[in-house]
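Enquirer: return atomic coordinates for the entry below.
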Amino acid sequence: MNQNRASDAVDRPPPFEGVIGRRVLAWLIDGAILFILSWLVWGGTGLLALFTLGLAGGLFLLPWGLVLPILYGTLSIGSPLSATPGQALMGLVVRSESDTGHPSFGQAFTSTTLLALSWAAGGVPLLAAFFSSRSRTLHDLFSDTLVVRAAALQPEGRQGRFIAEDG
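Expert: Have a look, this model is predicted:
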């Protein structure tokens, strides 16, 4: 092991250490953001319906409570940031398990949709993280993604790979 690699390993935390607690806080942050966004969407929909004399009133029929969180998560995780704003604030990133690169939009959509279904199931599928050595929930497993600490990744010039694999 060369000197640079040894110092990198010492300075960086393990990729999965403390991820569960950080994910819970990230969900709370994202929930607050979604709450504000939902009020803005409903208010905007109401104003649009008012200004169009009811012609745009059909927008009230869209299931905003499901559409908005899925769009929020998919666009956030599928972006170059590879994290929702809450995850980014908590120092987390989402990575594709197969190559530890940025997840695709398909993976982001699958993960976000399955997360919404997990919450609809009372959050029970989320408990899988407590039994996984890498803190993976069922939506992580089915979307082939990992949530890791951003500080555990190598710099972008090194393709964002993990310093130490934790299995």
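
Enquirer: rounded mean pLDDT for stretch 14-31, please.
Expert: Stretch 14-31 carries an average pLDDT of 92.

Enquirer: what's that stretch in contact with?
Expert: Contact partners of stretch 14-31, identified using C-beta atoms under 8 Å, 6 or more residues apart in numbering, comprise 72-73, 84-87, 89-92, 129-130, 133-135, 146-149, 152-153, 162-164, 166. Any C-beta I mention is one placed from the backbone N, CA and C, and that applies to glycine too.

Enquirer: which residue of this protein sits farthest from its center?
Expert: Computed with C-alpha atoms, centre = their mean, the residue of the chain farthest from its C-alpha average is Leu53, at 38.5 Å.

Enquirer: would you agree that one falls within a strand?
Expert: No: using DSSP: H, G, I helix; E, B strand; the rest coil, the assignment for Leu53 is coil, not a strand.

Enquirer: so Leu153 is in contact with Gly91, correct?
Expert: No: here Leu153 does not reach Gly91: they are 10.6 Å apart, not a contact under C-beta atoms under 8 Å.

Enquirer: higher neighbour count, these two?
Expert: Leu153 (20 against 17; other C-beta atoms under 10 Å).

Enquirer: many thanks, I have nothing further to ask.
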